[in-house]
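> I would like to see how this sequence folds:
(chains A and B)
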Amino acid sequence: MTTRTYSPAEPQVTAGDDSTGGGTPPPLVGRRKMSWATRIEIALLVGPALIVFLAFVIFPVVMAAYYGFFRWQGYGPATDFVGLQNYVTILQDPTFIDAVRHNGIIVVLSLVLQGPAAILLALLLNRKMRGQSIIRVLIFVPYVISEVVVGTGWSLMLQSNGALNGMLEKLGLGFLQADWLSNPDIAMWTLMLIITWKYIGFAVILFLAGLQGIPDELTEAAQIDGASFWQIQRQITLPLLGPTLRIWAFLSIIGSLQLFDLVYIIWGQYIASTAGTSTMATYMVANGRTSGNFGYGNAVAVVLFLISLAVALVYQRFVLRRDTDGALTEKSST
Amino acid sequence: MTSTTAVAPAPQPILSKLKPTLPWGHPGVYALAVVVIILMLAPIAYIVLGGFRTNAQISTDPSGFPAPWNIGNYVDVLVGSVFWRQVLNSTIAAGATTIGVVTLGLMASYVIARYRFQARGLLYAVFAAGLMFPMTVAITPLYLVIKNLGLMNNLGGIILPQIAFALPTTIIILVPFLRAIPDEIEEAAFIDGCSRIGFFWRMVVPLAVPGVITTGILAFIASWNGYILPLFILNNEASFTLPLGVQSFASQYSVDTAKVLAFTSLSMIPALIFFSLFERRIVGGLTGAVKG
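Numbering: from 1, shown residues only, chains lettered A, B, ... in the order given. I've put the predicted structure just below:
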């Protein structure tokens, strides 16, 4: 049974035959011309998702691009066309440039702080041992808690007369006390601490999932050949974890570029820029909706989007390509 | 070489999960795990314990334990209607979002995974491109769309966009799942006279359950924790979801730190319960997604 083409008119292909077939994968459906019934099926199945998606994702994004060319207060039709004026203002605003710089720092530090720590934790937890699942759950807890809760809790804890400074005092480390949230030299590191705390669980879970996909046979064979635990991790596990690592890094970069909730909740819209933690998104909300300049806010959204897109495309082009090659093109084997 | 590596080659994880006892790991691993867990849970403990203290206790010793324990703050929050109304709003929004995403996502993924037609690649690309459009970018016009639809201060106004924005992830996770269903099963079903739609209901839906649960949970948690969308859409206190509620409570009672902490810690309980129920599914689903 080397070549099989399936069509309903060939009843001689039985289920029993199929289970033995290992050679050429059969096409899903014959490549005949599609019947109208099939077309209607496709339309009914995809239609609702496509409509919702276009109406609430694509349309608003397109409108953002459109309104970005207007000076507009958010009601009535946009008539005051200002061309690229909003964009010129944005790119010349030092506050925005600062926000971009902060986003850049957050991108880099997120990768550097979370990546290695999460890999190490995942490697250590990736074995059949008692308590593994409870450890995994507890590490993941901060990820599940909402940004608002996290932000509220941390901001109370980090106040200058808050619990962290109180704790340092008790431990005799009073000299380490600091104004964690409002000192511009420290605030960024405070933010990174909170981000790491909140999101590292996701990285660990993702890496553990990737590790579980690596066949045991490989590590067992290496063990038999006398490789040590760390040798196995470095030579076999990490390279095989590559795709997962690259996907995680991608998600982390995009998330960092679009960071909003935590900063907005902890620092509020005005303090963020003086404390040195403002991001493009908090700038957008503070200078767009809050101050009633919807046209300007949309222009900021477009800039934010273009920056994310550029980063994503570069990443896709140079890093992710080998992983997605197979996924986006027709599968050659099943 | 750690003690775990000495384990006899266990056949497969599925079987080993059924075994009643697992071996203990290396003590060093547990030591590190304990340190990490303490770091992860300390801020949460601060919130929970702080709710049991009084403001006087908090201001004299910000990092102390409750002494004596005081349940007044929790009782105040639980007795009031504000908290419960927000729980209800969050539950409705998250529940409807989850059902919507899973239904629409499964239908669309089925087509992308198992129908052959010209526009299939384009369709997948369109949805996948949605990953590039975060809600942050679209939020201002989205707010206007919702306003024009008359859905301001209405949970529907956050449910629909949440469904739309969760679709890309859902489809990307579900397509590999559905594609992995062996063609033999499909062929056998057709031979037995099953229609495409019949196959969808009888075979695809049951077989896709792990993926569906994962995407459902992701959508639920994203909705439960969502902030920027409710911030724009829900201005009326009666329609607040929990995150907005926590924030407004925190600014309303900014001097009453203990009460804010009690409210905050109560608001994270539902998500924690939900997560602990489905933890295994989340991990299992991510495995499928990463492999696909």
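> and the gap between the residue lying closest to B:R85 once chain neighbours are set aside and chain A?
Counting by Cβ to Cβ, 6 or more residues apart in numbering or on different chains, B:A238 is the residue found nearest to B:R85 once chain neighbours are left out, at 7.0 Å. C-beta coordinates here come from the backbone N, C-alpha and C atoms, glycine included. Taking Cβ to the nearest Cβ, to the nearest Å as the measure, B:A238 falls 18 Å from chain A.
> just give the number of residues close to B:A238.
Around B:A238 there are 10 other residues, counting by other Cβ atoms under 10 Å in any protein chain shown.
> that one and B:N154: what is the separation?
11 Å (Cβ to Cβ, to the nearest Å).
> does any part of stretch A:152-162 sit near chain B?
Yes: Stretch A:152-162 reaches chain B (Cβ under 8 Å from any Cβ of the partner chain) through A:T152, A:G153, A:W154, A:L156, A:M157, A:N161, A:G162.
> can I get that stretch in CSV? Just the C-alpha atoms.
Only the C-alpha atoms of stretch A:152-162 are listed here, as CSV (Å, rounded to 0.1, in the frame of the first residue of the first chain):
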residue,chain,number,x,y,z
THR,A,152,-1.9,46.7,44.6
GLY,A,153,-0.2,44.2,46.9
TRP,A,154,3.4,45.1,45.8
SER,A,155,2.8,48.8,45.9
LEU,A,156,1.6,48.6,49.5
MET,A,157,4.5,46.3,50.4
LEU,A,158,7.1,48.6,48.8
GLN,A,159,6.0,51.9,50.2
SER,A,160,8.7,53.7,52.0
ASN,A,161,7.0,52.7,55.3
GLY,A,162,5.9,49.4,53.9
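> if we can go back for a sec, pretty sure the residue nearest to B:R85 is in a helix, no?
Yes: under DSSP: H, G, I helix; E, B strand; the rest coil, B:A238 falls within a helix.
> look up the closest residue to B:F133, ignoring the ones flanking it.
A:V61 (5.1 Å).
> for the residue of the stretch 1-150 of chain B found nearest chain A, which three-state class applies?
Proximity of the stretch 1-150 of chain B to chain A (Cβ to the nearest Cβ) peaks at B:G25, 3.3 Å away. With three-state DSSP as the basis, B:G25 sits in coil.
> so A:F59 touches B:L144, yeah?
No: if you go by Cβ atoms under 8 Å, A:F59 and B:L144 don't touch, sitting 10.3 Å apart.
> got the contact list for A:N103?
Counting by Cβ atoms under 8 Å, 6 or more residues apart in numbering or on different chains, A:N103 touches A:S256, A:L257, A:L259, A:T279, A:M280, A:I307.
> highest neighbour count among those residues?
Among the contacts of A:N103, A:T279 has the most neighbours (other Cβ under 10 Å), with 27 neighbours.
> next one: that residue from chain B, what distance?
9 Å.
> ramachandran coordinates for that residue?
Backbone torsions for A:T279, taken as degrees, to the nearest 10, come to phi -120, psi 170.
> surely it and A:D261 touch.
No: look at A:T279 against A:D261 with Cβ under 8 Å: they stay out of range, at 10.2 Å.
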